[in-house]
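Colleague: The following comprises the amino acid sequence and a computationally predicted model.
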Amino acid sequence: MTPILKTVNLATLNYAQAILKEADIPFFTMDENVSIIEGSIGIIPRRLMVLDDDFEDAVDVFKCAGLLNQIHQP
């Protein structure tokens, strides 16, 4: 799996999850539990992961949705 988004902004994360779901691109959100444990200070980003084979499709979806500047660069 490859991270496509890394953010502490829950609105951006929820929007990204919704557009990936609508495009039928499977994803997994990592670090949710750690973020919950650390409380509401928002210092630990959550990572949105997609399958390696779906990464380019996910990038295209992000571009169309106006999230191009949010794509995680390793």
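Modeller: Happy to help now that I have it. Not measured: the values here are computed from a predicted model. Numbering: from 1, shown residues only.

Colleague: who's the spatially closest residue to residue 62 that is not a sequence neighbour bridged to?
Modeller: Sequence neighbours aside, residue 71 is the residue nearest to residue 62 in space, at 5.6 Å (criterion: Cβ to Cβ, 6 or more residues apart in numbering). Backbone N, C-alpha and C define where each C-beta goes, glycine included. Residue 71 forms beta bridges with residue 5, as assigned by DSSP bridges.

Colleague: and the gap between residue 71 and residue 18?
Modeller: Residue 71 is 16 Å from residue 18, where distance means Cβ to Cβ, to the nearest Å.

Colleague: The residue nearest to residue 62: neighbour count?
Modeller: 16 (other Cβ atoms under 10 Å).

Colleague: Quick one: distance of the one helix or strand in the chain whose mean pLDDT sits lowest to the chain centre.
Modeller: Lowest by mean pLDDT, DSSP states H and E among the helices and strands of the chain is helix 32-37, with a mean of 74. Helix 32-37 sits 15 Å away from the centroid of its parent chain (Cα atoms, centre = their mean, to the nearest Å).
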